[in-house]
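Peer 1: Need coordinates for the below:
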Amino acid sequence: MIWRLLRSLRVQLVLLIIIALGIAQFVSLWLFADERSLAIRAALGFEAAGRAANVARLIEEAPADLRPSIIRAANSPLVRFDLGTKPLVQHSDHSDGGLVETRVRALLNDSYSRDIRVELHQIQGAILPLPNLSHEMTEMHLAMMRGELSAIEMNLSISIAGGQWLNVSTRFERPPIQWPLYSMLTFGLTAMALLVAVSWFVMTGLLGPLRRLAWASERLGRGEDIDALPERGPQEVRELTAGFNRMQDRLTRFVADRTRVLAALGHDLRSPLTAMRVHSEMVEEDETRESLVATVEEMQSMVEATLTFAKGLSGNEPMQDVDLQSFLEALRGDMVVPFVLSDGPEVTVRLRPNAIRRALRNVIENAVRYGGSATLGWISAEGEIEISVTDRGPGIPTAELERIFDPFFRLEESRSLETGGHGLGLSIARSILRAQGGEISLANHPDGGLIATIRLPVAET
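Peer 2: Next up is the predicted model:
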C-alpha cells in the first residue's frame, strides 16, 4: 500500500515540494544564524569601541590624579581598561579591526594623528569566561551559553596625550542557536499540515484531468463510446485534453466511414450476384449450370464473410461486465461443435458479449476443424484474463504463426470450402479482440497441437 502511494504522481510532487522547502528553510536558518551571530558580535565590538573612545577622551580632559579612579569606574565584567606606558597591541590588524578603528577615530574627532591599534583573533578550543567575572556570574554565563564557548577577543590600544596608552580588552562569545523544542515541533507540524493540504488541493486540480484522460484512453482502446472530455486544469492539460478529443473524433469517423463503405459495397454486390444466380439457373447444360451456380455461391459467401469481418471492426454493441465462467458455459451450450471446458478462477470481465462470442466460436471451430478437438481453460494474470484454446492437431509451422491472422490467408491451398473457410475466421477474431482491448496469439504445444491464447482485461472494481 505504501509503495503504491509513493508511485502516485500526486504523492511524489507533494513530497518533492516538502523536501525542497525543508532544504531551503534549513539553509535559510543556517545563514540567518550566522548573520545573527555576526551582527551581535559587531554590535558588541562597536559598543566596546565607543566605551573606549569615551574613556580616552575623559582621561585626557581629567586631572592626572583622577585617572586611576576613571579606569576603575570604567572596568566591567566584560570590558577591562588599563592605563600604561606601553601598548598592549604591537601591530594593528587593519583587515578585521579597520571598522573598530574608524569608529574610535570618529568618536574622538581624530584624523589619523593619533595612534590607534586594534587586534582581533578567534579563541580556539575550550575556553572559560572572562577571569574577572564572579563565581555566580560565571555559572550563569556557562548555563546561558550551554557550556559551548566560542569567542573572539579584541584588544585595543589608544595613545593618550602625555605618552601613555589606554589598553582595552574585551571578549564576545558566539551566542548559541536557541532551539525551543516545543515551538519548533508545533511550527513544523503546522507548516507541514498546511503545506500538504494546499499541495494536495493543487495537485487534485492538476491530476484530476489527467486521471480522466487515462480513464478515457483505456476505454477508447477497448472500443467503448466516450463522450468528449471537459477541458479543465492548467493550459498544458487543457491542450492535451483537446488533442485527445480531436483524436477520438477522427478515429470514430474513420472507422465509421470504412464500415459504411464496406456495407455499401456488400449491398451493391448482392444485387448483381443475385441476378447472376438467376441467369445461371437458366443455363440448359447441367455441368455448366452447376459450375456457374457454385461460383456465384462462393462469391456470395465471400461477400458475407467480408461484411462479417467489417462488423467485427465496427463495435456498436455496448460493453457489459459478465461472469466469465457463466459466459463460457452458455457458449458451450449454444455451439454445435463440442469442446471441453476446464475449471478456472471466478472472475468478471468487461466485454461485448455477442462480439466475443463470435470471436471465441471462430477460434474453437478452427481448433476442432484442424485439430480434431478443443479444450478451453482460463487463468488470471496481472489484471488480465488469459483464455487458452488447445487442440491436438499437427500444429502450424513457426513462420506461419503470425501470417495465419492475415485476411484470406489459408494454410490449406486447395481453396475448397469443404476443407476450409475463406481464411477470415482468425482475422475476425483478432479484430474483435483488439477492438475491445484484448489480444490473441498462437503457439505450438510442446506435446503436439496448437494453443490459442486470448487475453481480455478484467472489469474494474
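
Peer 1: Report the distance from the helix or strand encompassing residue 380 to the chain centre.
Peer 2: Here residue 380, judged by DSSP states H and E, is contained in strand 375-381. The chain centre lies 35 Å from the centre of strand 375-381; the measure is Cα atoms, centre = their mean, to the nearest Å.

Peer 1: what helices or strands is it leaning on?
Peer 2: In terms of contacts (3 or more Cβ pairs under 8 Å, 6 or more residues apart in numbering; DSSP states H and E), strand 375-381 is packed against helix 324-334, strand 340-341, strand 384-390. Using the backbone N, CA and C atoms, a C-beta is placed for each residue, glycine as well.

Peer 1: Helix or strand next in line after the last one, which one?
Peer 2: Pointing back at strand 384-390 there. According to DSSP H and E, the helix or strand after strand 384-390 is helix 425-435.

Peer 1: Please apply the same query to the second one.
Peer 2: Next along the chain after strand 340-341, taking DSSP H and E as the criterion, comes strand 348-351.

Peer 1: Any chance you could list what contacts that next one?
Peer 2: The contact list for strand 348-351 (Cβ atoms under 8 Å, 6 or more residues apart in numbering) reads 222, 319-324, 327, 385, 436, 438, 456-460.

Peer 1: Identify the residues contacting residue 281.
Peer 2: By Cβ under 8 Å, 6+ apart, the contact list for residue 281 reads 289, 293.

Peer 1: if I look at it, how far off is residue 275?
Peer 2: Taking Cβ to Cβ, to the nearest Å as the measure, residue 281 falls 11 Å from residue 275.

Peer 1: ranges for the strands of this protein?
Peer 2: In the chain, strands defined by DSSP state E lie at 79-84, 116-122, 151-160, 164-173, 320-323, 340-341, 348-351, 375-381, 384-390, 439-444, 450-457, listed in chain order.

Peer 1: who wins for proximity to residue 21 among those strands?
Peer 2: Nearest of the strands of the chain to residue 21, taken as Cβ to Cβ: strand 164-173 at 32.4 Å.

Peer 1: pLDDT wise, what is the nearest residue to residue 153 once chain neighbours are set aside at?
Peer 2: Spatial nearest neighbour of residue 153, excluding adjacent residues (Cβ to Cβ, 6 or more residues apart in numbering): residue 171 at 4.8 Å. The model reports residue 171 with a pLDDT of 76.

Peer 1: ok, how many other residues are close to residue 171?
Peer 2: Using other Cβ atoms under 10 Å, residue 171 has 19 other residues around it.

Peer 1: Check residue 26 too.
Peer 2: 10.

Peer 1: Okay, it and residue 14: tell me how far apart.
Peer 2: The gap separating residue 26 from residue 14 is 19 Å, by Cβ to Cβ.

Peer 1: same question, residue 244
Peer 2: When Cβ to Cβ is applied, the distance between residue 244 and residue 14 equals 26 Å.

Peer 1: domains for the chain, by residue range?
Peer 2: For the chain, automatic domain parsing gives the domain ranges 2-178, 208-316, 317-457.

Peer 1: looking at the ones you listed, which is buried most?
Peer 2: domain 317-457 (a mean of 17; mean count of other Cβ atoms under 10 Å).

Peer 1: quick one: strands adjacent to the strand holding residue 380?
Peer 2: Partner strands and pairing direction for strand 375-381 (DSSP bridges) are strand 340-341 (parallel), strand 384-390 (antiparallel).

Peer 1: Nearest to residue 155, out of the ones you listed?
Peer 2: Using Cβ to Cβ, the strands paired with strand 375-381 put strand 384-390 closest to residue 155, at 82.9 Å.

Peer 1: Check what contacts the closest one and list those residues.
Peer 2: Against strand 384-390 from outside (Cβ under 8 Å, 6+ apart): 324, 339, 347, 349, 360, 363-364, 367, 374-380, 445, 449-458.

Peer 1: List the contacts of the residue nearest to residue 87 when sequence neighbours are not counted.
Peer 2: Once flanking residues are discounted, residue 87 sits nearest to residue 157: 3.8 Å by Cβ to Cβ, 6+ apart. Applying Cβ under 8 Å, 6+ apart to residue 157 gives the contacts 87, 88, 89, 115, 116, 117, 165, 166, 167, 168.

Peer 1: ok, of the residues you listed, which one's closest to residue 215?
Peer 2: Relative to residue 215, and with distances defined as Cβ to Cβ, the nearest of the contacts of residue 157 is residue 168, at 78.2 Å.

Peer 1: could you measure residue 377 against residue 453, distance?
Peer 2: For residue 377, the distance to residue 453 (Cβ to Cβ) stands at 11 Å.

Peer 1: do the same with residue 162
Peer 2: 111 Å.

Peer 1: Same question for residue 408.
Peer 2: Residue 408 sits 23 Å away from residue 453, going by Cβ to Cβ.

Peer 1: Then residue 444?
Peer 2: Using Cβ to Cβ, residue 444 is found at 12 Å from residue 453.

Peer 1: Save the strands of the chain as a markdown table, and put in distance to residue 248 too.
Peer 2: Below are the strands of the chain laid out as a markdown table (distance: least, Cβ to Cβ, whole Å):
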| stretch | distance to residue 248 |
| --- | --- |
| strand 79-84 | 82 |
| strand 116-122 | 72 |
| strand 151-160 | 73 |
| strand 164-173 | 72 |
| strand 320-323 | 21 |
| strand 340-341 | 38 |
| strand 348-351 | 19 |
| strand 375-381 | 29 |
| strand 384-390 | 24 |
| strand 439-444 | 21 |
| strand 450-457 | 19 |
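
Peer 1: which stretch among these comes nearest residue 299?
Peer 2: Nearest to residue 299 among the strands of the chain is strand 439-444; the distance by Cβ to Cβ comes to 28.6 Å.

Peer 1: in the stretch 151-300 of the chain, which ranges drop under the pLDDT threshold?
Peer 2: 151, 172-184, 187-188, 198-200, 202-205, 222-224, 255, 259, 262-263, 266-267 (pLDDT under 70).
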